[in-house]
Structure formats: structure tokens, C-alpha cells
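> no sequence on hand, only this structure:
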């Protein structure tokens, strides 16, 4: 199972996320659930960096990706990055709707 942690600040804004595990839906290279989760989360990191100019602090290895927003000097890029991360959550929740036995989303406040 893939466990996704969405990290939020006390005011509810997403500050980062962590994805860990393998779905186990199908064999390696054929697992559409893992592929979808990877595409969404890696694409989110890339979108934040390209569209806001902010470089997320990331760690990635087999079956693991974490991303944390950096401090922002301006509210506009910060709001854009938060919106991109919120859209990631919506996409992941859509996967949960059909494949709940392979992915779980936890919310953490820090």
C-alpha cells in the first residue's frame, strides 16, 4: 500500500508531503496505481518549481518521495505553490475513490 502524508501548518496550508510504499496492484512496470501516484507527485514538484520559481526540498528513492516548500519572500508565489499542492491532493483523492485498498492519505499538522 502507498501511504501519502499531507503536511499542513496549523492554519491549514500545505507545507509539504511524503509518499511511501508500493501499491501492489500489479507487477512492477504494470502497476497503474503506482504509476499514477508517481506521475502526480513528481509532476507536482516539477510544477511548483517551474510555475513559482521555488525549489522544493525533496528526497527521492525507490518507493519514497518527500517534498517541502521553502520559505517564501512574497505571498503570490506561496499562494500559487499552495494551490498546486492542493490540486495534487484532489488528484490523489480521486485515485483513492477507485483504489482505496492500494493508497491511503493521512493528514498531519506541524
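Right, received. Where do you want to start? These numbers come from a predicted model, not from an experiment.

> the most centrally placed residue in the chain and residue 87: what is the separation?
When the chain is reduced to its mean C-alpha position, the closest residue under C-alpha atoms, centre = their mean turns out to be residue 41, at 4.3 Å. Note on residue 41: its distance to residue 87, by C-beta to C-beta, to the nearest Å, is 12 Å. Just so you know, the C-beta spots here come from the backbone N, C-alpha and C atoms, and that holds for glycine as well.

> quick one: the residue nearest to the centre of the chain from residue 53, how far?
Relative to residue 53, residue 41 is positioned 20 Å away (criterion: C-beta to C-beta).

> so for the helix or strand where the residue nearest to the centre of the chain lies, what gets flagged as buried?
According to DSSP states H and E, residue 41 maps onto helix 32-52. Buried residues in helix 32-52, defined by neighbour count with 16 or more other C-beta atoms under 10 Å: 33-34, 36-38, 40-41, 44-45, 47-49, 52.

> just checking, what packs against it?
Of the remaining helices and strands, those touching helix 32-52 by 3 or more C-beta pairs under 8 Å, 6 or more residues apart in numbering; DSSP states H and E are strand 2-8, strand 14-20, strand 64-68, helix 75-99.

> between it and strand 14-20, how many degrees?
Between helix 32-52 and strand 14-20, the angle comes out at 150 degrees (axes from the mean of the first three to the mean of the last three C-alpha atoms, to 10 degrees).

> average model confidence for stretch 55-68?
Summarised as a single mean, pLDDT over stretch 55-68 is 96.
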